[in-house]
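Asker: I'd like to go over a predicted model; first the sequence, then the structure.
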Amino acid sequence: MNIFDLNEISGRRFPARRLTKNVAGGVSSIQTENFCMGLVELDPYGGQVPWHNHPEEEVYFILEGIGEMCIGNEKKEITGGQAVFISPNEFHQLTNIGKRPLKMIYCYGPAGDVDHWKQELEGTLPKAGVDVPPLPEGARPQCTDVS
């Protein structure tokens, strides 16, 4: 039996002000082939999963907090208890717009690290409206800076 305790791992801190803890697949003690799953905490007032895409389909399930979800040319608020489906290759971004941390679970498949994690850490994430399609009108800016 392989039991995973989120309280015992530090996770990865990303420049866009978020902490990611892999639960299954990728950098995790639970290895899977068909999906990856993890817990993400976005810092208050702007913590983000920056504008990116990947060939895997994905679901974000918001546990608590309030965020601005952008998918393609759409922008909507999303709150605790809501989930959103992200189609393969669809550009998407989630930004915490609240004063408390936004906590969410992601699940995508098949398993493996998505390119945007490495790109963000290296400061090479493609820029919205320059290298890749623009964000929806009125969306909060994409974080591409490496702190």
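Answerer: Perfect, thanks for sending it. Residues are numbered from 1 along each chain as shown.
Asker: SS state for the closest residue to residue 57 other than its chain neighbours?
Answerer: Among residues not flanking residue 57 along the chain, residue 88 sits closest, at 5.0 Å (C-beta to C-beta, 6 or more residues apart in numbering). Any C-beta I mention is one placed from the backbone N, CA and C, and that applies to glycine too. Of the three states, residue 88 takes coil according to DSSP: H, G, I helix; E, B strand; the rest coil.
Asker: isn't residue 88 right next to residue 56, touching?
Answerer: Yes - with contact defined as C-beta atoms under 8 Å, residue 88 counts as touching residue 56 (6.3 Å).
Asker: out of the two, which sits in the busier spot?
Answerer: Taking neighbours as other C-beta atoms under 10 Å, residue 88 and residue 56 compare with residue 56 leading, 17 against 11.
Asker: my read is that the more buried one contacts residue 106, right?
Answerer: No - Residue 56 is beyond contact range of residue 106, at 10.2 Å (criterion: C-beta under 8 Å).
Asker: can you tell me the SS state at residue 7?
Answerer: helix.
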